[in-house]
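K.L.:
predicted model and sequence follow; I will ask about them next.
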Amino acid sequence: MPNRRTLTGNRMLSNWVDEMAAMCQPDQIVWIDGSDEQRDALRGQAVASGEMIPLNPEKHPGCFYHRTDPSDVARSEDKTFICCHNPKDAGVTNNWKDPEEAYLEAAAFFHGSMRGRTMYVIPFCMGPIGSPFSKIGVELSDSIYVVLNMLIMTRVGQEVLDALGNGDDFTRCLHSKATLDPEKRRILHFPEDNTIWSVNSGYGGNVLLGKKCLALRLASWMARKEMWLAEHMLILGIEEPDGRHHYVAAAFPSACGKTNLAMLIPPDGLKDKGYRIWTVGDDIAWIRIDSDGRLWAVNPESGYFGVAPGTNMCSNPNAVLTVQKNTIFTNVVLGKDGTVWWEQGDGEPPADALDWQGRPWHKGKTGADGKPVLGAHPNSRFTAPYDQCPTASHRHDNHHGVAISAIIFGGRRERLAPLVYESLSWNHGVFVGASMASERTAAQYGKQGEVRRDPFAMLPFCGYNVADYFKHWVEMGRHIKRAPKIFHVNWFRKDDDGRFLWPGYGQNLRVLEWILQRTRGEGEAVESPIGYLPTPDAFDMTGLPLSAETMEKLLEVNIDDWKAEADGIEEFFTSLGPRMPWEVRNELEALRRRLEAAR
Ligand code: GTP
Ligand code: SPV
Ligand code: MN
């Protein structure tokens, strides 16, 4: 492949590339121009080297399969650091390293790490190219898998370099798989230098540096300075039969249903109403106050890096249709016939199959301990282009994005949190976001199912002191003229037998309908200590027979449980230290008073 150094005349960029190459010592440097020809050549090389396996061209045209190292299948939060001069600016929820020490340590891991390899230079843009709100990055990586994923997830190539011109305003992203040694794995963020270094990993969230590293951790740092928001949120449009569009943004922790909600299909009983759903984004939202004083949101990505298990024609038909072609599948089941499968997918797994670790696998396989052996890793993923989703919105490329009517927080709570409630004010909504908690999923290493505080679904992604982040949300509220209402949802409440009380997925539109009614000052609600709750008959339940008893359980607010929750929230807030804003603390005290009064 030609070494196309001539792609840019930007000296700051080429000097930095030279400097990083001197450290990593690749055999050659290849600039990624964003062309189909170059992408096809890279695919060919990845197949030749075994890094990617082509899938059956009839059944999965343009699709490829990849396995990551078994010790490298999810984000490693314990290896992720914010490296700024004052540890207090990173806050207690982030791991911190002194920048000089972090550079020094990682430089030793990068030193000579690309010998015998190619360094790819990937110029990428988060957000529409040319928009004043977009951010440019350049990722250097020794992984073709990273290049091919970045080509889907971000806008890549010559156009980006043209937009950058001779400027210095780009994020310097360096990645090497190095030896994949978990002990030497580091995901380092230098917000004061606009720099990201990632070494010894090949897993998505650790290595696609435009995504969580730039678009959330560094962007949240920038957003605080520049008075905007970088959030772990989906963006969804609801078109009403009269043609009016309403957009909502929703923050759920990893693997808690953002992609599914963003691609929702109206359930049978509501179809007659003629709603159409538009998917603007499924993971990240950049939100600004526009000249009309309202919040407008952009999805900075151009693809989906979605959870495969559980995706099927019943749960999420749009996702199934999205991944029919030009998709990269990572750590799912691979059939010898070049097909893929995952748990709770469609149809039967291929007869002659290999699991996510490349071992022979069949449905019902059990291990030496008698326990079932999963074919796909629970955090196996697909990478697919944005436009391939049947509900992809044409507003995705709009520089200003879409106006947000409601903000929704949510998590996985077997108990406690009702199906939906509405906050009493902006600051109460900030409190609801700040006190969010959820059961841990396979998207990150750690004890699965354990309830942990995950404020705004940003615990692993807030690039600065989370107490300052709460304050920033309070400040934003002071600047917004027409603030959207803030809601909390929980699709995951269970009955005593451990079954979900709410059917979820497409049925969630019934809850969204109520949320939209509330933003217009309609919708039936009662005030409770935690906020406004829908009355039991507030939802349109046409076509969904749920017993009155189930509905009651879904909406129940148990005062004793919430008092215990308030204690847990206090403990969390106290752990965040003296920067914890009084506005949010006051909301906790107000909640306590309301709970007492409810006695
Ligand atoms: P990240 O990509 O990690 O940020 O995850 P996400 O928030 O986009 O989660 P996703 O939509 O991929 O859903 C993760 C898992 O939750 C899948 O296994 C889904 O089947 C399941 N899920 C999603 N929505 C619902 C729902 O409404 N009810 C229930 N019970 N499960 C759901
Ligand atoms: C998440 O874990 O929230 C994801 C996947 O969206 S990753 O990009 O790997 O972080
Ligand atoms: Mn995510």
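P.N.:
Received it, and whenever you're ready, just let me know what you need. Ligands and ions are numbered 1, 2, ... in the order given.

K.L.:
switch to C-alpha atoms for all contacts and neighbour counts from now on
P.N.:
OK.

K.L.:
give the contact list for Ser76.
P.N.:
206, 444-445 (CA atoms under 8 Å, 6 or more residues apart in numbering).

K.L.:
let's go with 7 Å and repeat that
P.N.:
444-445 (CA atoms under 7 Å, 6 or more residues apart in numbering).

K.L.:
roughly how far does it sit from ligand 1?
P.N.:
Separation of Ser76 from ligand 1 (CA to the nearest ligand atom, to the nearest Å) stands at 13 Å.

K.L.:
quick check: phi and psi at that residue.
P.N.:
phi -100, psi 90 (degrees, to the nearest 10).

K.L.:
repeat that for Ile480.
P.N.:
Taking degrees, to the nearest 10 as the convention, Ile480 sits at phi -80, psi 140.

K.L.:
same check, this time on Ala163
P.N.:
phi -70, psi -30.

K.L.:
pLDDT value on it, please?
P.N.:
Turning to Ala163, the model gives it a pLDDT of 96.

K.L.:
how about it, nearest residue that isn't a chain neighbour?
P.N.:
Gly130 (6.2 Å; CA to CA, 6 or more residues apart in numbering).

K.L.:
per-residue pLDDT, the one you found?
P.N.:
91.

K.L.:
and for Arg5?
P.N.:
Model confidence at Arg5, given as pLDDT, is 52.

K.L.:
now do the one 4 residues further on
P.N.:
Reading off the per-residue confidence, Gly9 sits at a pLDDT of 91.

K.L.:
is Arg43 within a helix or a strand, and which one?
P.N.:
helix 36-49 (DSSP states H and E).

K.L.:
tell me what whatever helix or strand comes next after that helix is packed against?
P.N.:
Where DSSP H and E defines the elements, the next helix or strand beyond helix 36-49 is strand 53-54. The contact analysis (3 or more CA pairs under 7 Å, 6 or more residues apart in numbering; DSSP states H and E) places strand 53-54 against strand 64-66.

K.L.:
packing partners of the strand it packs on?
P.N.:
strand 53-54, strand 328-330.

K.L.:
can you list the buried residues in it?
P.N.:
64-66 (16 or more other CA atoms under 10 Å).

K.L.:
identify all contacting residues around it.
P.N.:
Here strand 64-66 has contacts from 51-55, 327-331, using CA under 7 Å, 6+ apart.

K.L.:
so Leu151 lies in a strand, does it not?
P.N.:
No: applying DSSP: H, G, I helix; E, B strand; the rest coil, one finds Leu151 to be helix, outside a strand.

K.L.:
what is the burial count for Phe109?
P.N.:
22 (other CA atoms under 10 Å).

K.L.:
report the secondary structure state of it.
P.N.:
helix.

K.L.:
returning to that earlier point: can you lay out the helices and strands packed on strand 64-66 as TSV showing mean neighbour count?
P.N.:
Below are the helices and strands packed on strand 64-66 laid out as TSV (neighbours: other CA atoms under 10 Å):
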stretch	mean neighbour count
strand 53-54	20
strand 328-330	27
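
K.L.:
and the ones you listed as TSV, adding mean pLDDT and distance to ligand 2?
P.N.:
Shown next, in TSV, are the helices and strands packed on strand 64-66 (pLDDT from 0 to 100; distance: least, CA to the nearest ligand atom, whole Å):
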stretch	mean pLDDT	distance to ligand 2
strand 53-54	98	21
strand 328-330	98	11
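
K.L.:
wait, which of those strands is closest to ligand 1?
P.N.:
strand 328-330 (13.3 Å; CA to the nearest ligand atom).

K.L.:
just give me the neighbour total for the spatially closest residue to Lys481 that is not a sequence neighbour.
P.N.:
Using CA to CA, 6+ apart and skipping the chain neighbours, the partner closest in space to Lys481 is Gly293 (4.7 Å). Neighbourhood size, Gly293 [other CA under 10 Å]: 13.

K.L.:
and Gly293, what is it in contact with?
P.N.:
480-482.

K.L.:
at 8 Å what do you get?
P.N.:
Counting by CA under 8 Å, 6+ apart, Gly293 has contacts 479-482.

K.L.:
flag whichever of the residues you listed scores worst on pLDDT.
P.N.:
Scoring those by pLDDT puts Arg482 last, at 91.

K.L.:
give me the neighbour count for it.
P.N.:
13.

K.L.:
re the thing from before, so the residue nearest to Lys481 versus Gly50, what's the distance?
P.N.:
52 Å (CA to CA, to the nearest Å).

K.L.:
next one: Gly364
P.N.:
Distance from Gly364 to Gly50, by CA to CA: 29 Å.

K.L.:
where do the helices of the stretch 251-400 of the chain begin and end?
P.N.:
258-262, 268-271, 317-322 (DSSP state H, counting those that start in this stretch).

K.L.:
looking at those, which is nearest to ligand 1?
P.N.:
helix 258-262 (3.6 Å).

K.L.:
contacts for that closest one, please.
P.N.:
233-236, 250-252, 278-283, 306, 315-316, 319, 505-506, 508.

K.L.:
what do you get for stretch 426-442?
P.N.:
74, 253-256, 378-379, 409-413, 423, 446-457, 470, 473-474, 477, 483, 485-488, 569, 583-584, 587-588.

K.L.:
the residue of the stretch 451-599 of the chain found nearest ligand 1: how many residues sit nearby?
P.N.:
Of all residues in the stretch 451-599 of the chain, Gly504 sits closest to ligand 1, at 3.3 Å by CA to the nearest ligand atom. For Gly504, the neighbour count with other CA under 10 Å is 18.

K.L.:
wait, what's in contact with the residue in the stretch 201-350 of the chain positioned nearest to ligand 2?
P.N.:
Closest to ligand 2 within the stretch 201-350 of the chain is Gly205: 3.1 Å, counting by CA to the nearest ligand atom. Listed by CA under 8 Å, 6+ apart, the contact partners of Gly205 are 74-75, 211-213.

K.L.:
so which of the residues you listed is the most crowded?
P.N.:
Neighbour-wise, the contacts of Gly205 (other CA under 10 Å) top out at Cys213, 27 neighbours.

K.L.:
can I assume that residue sits in a helix?
P.N.:
Yes: the assignment for Cys213 by three-state DSSP puts it in a helix.

K.L.:
isn't it right next to Ser198, touching?
P.N.:
No: at 9.5 Å, Cys213 and Ser198 do not qualify as touching, with contact defined as CA atoms under 8 Å.

K.L.:
anything in contact with each of the two?
P.N.:
In contact with both Cys213 and Ser198: Asn206, using CA under 8 Å, 6+ apart.

K.L.:
isn't Ile122 right up against Asp142?
P.N.:
No: when contacts are counted by CA under 8 Å, Ile122 is not listed as touching Asp142 (10.7 Å).

K.L.:
those two: which has the busier surroundings?
P.N.:
Ile122 (27 against 24).

K.L.:
in the sheet, who's paired with the more buried one?
P.N.:
Glu139 (DSSP bridges).

K.L.:
for Trp286, same thing?
P.N.:
Beta-bridge partners, per DSSP bridges, of Trp286: Ala230, Val298.
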